[in-house]
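have a look at this fold, sequence not included:
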């Protein structure tokens, strides 16, 4: 799915890709982007960093190598 909208002001660019977990762990990193269920790219200001840090403060991340 892809939708475009007028970007907001902000000095931060955020790119988010949502994957099925099994697809993410079974795909090579160079091909993983092809299996994204949703891709979101936006510009944000500093408030985004503050609020997202609060929202995910207790989350345990799963990191995927880009190699």
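Structure's in. What do you need? This is a predicted model, so every value here is computed, not measured.

contact partners of the longest helix along the chain?
Of all segments of type helix in the chain, defined using DSSP state H, the longest is helix 46-55. Identification of contacts with helix 46-55 by Cβ atoms under 8 Å, 6 or more residues apart in numbering yields 10-12, 14. Any C-beta I mention is one placed from the backbone N, CA and C, and that applies to glycine too.

try it again with 7 Å
12, 14 (Cβ atoms under 7 Å, 6 or more residues apart in numbering).

next: stretch 17-25.
32-33, 35-39, 64.

now for the residue sitting nearest the centre point of the chain: which residues touch it?
With distances taken as Cα atoms, centre = their mean, the residue of the chain nearest its centroid is residue 16 (1.8 Å). If you count contacts by Cβ under 7 Å, 6+ apart, residue 16 has them with residue 40.

mind checking which helix or strand it is in?
For residue 16, the host element (DSSP states H and E) is strand 12-18.

and the next element down the chain from that strand?
Counting by DSSP H and E, what follows strand 12-18 is helix 21-26.

pLDDT averaged over that next one - what is it?
Mean pLDDT, helix 21-26: 90.

buried residues, that helix. List them.
residue 24 (16 or more other Cβ atoms under 10 Å).

what's the answer for stretch 47-57, then?
For stretch 47-57, burial by neighbour count (16+ other Cβ under 10 Å) applies to no residue.

for it, what is the average pLDDT?
So the average pLDDT for stretch 47-57 ends up being 88.

now do it: distance to the chain's middle.
14 Å (Cα atoms, centre = their mean, to the nearest Å).

and what of stretch 20-37?
On Cα atoms, centre = their mean, the centre of stretch 20-37 falls 13 Å from the chain's centre.

picking up where we left off before, for the strand holding residue 16, the distance to its chain's centre please.
For strand 12-18, the distance to the chain centre is 4 Å (Cα atoms, centre = their mean).
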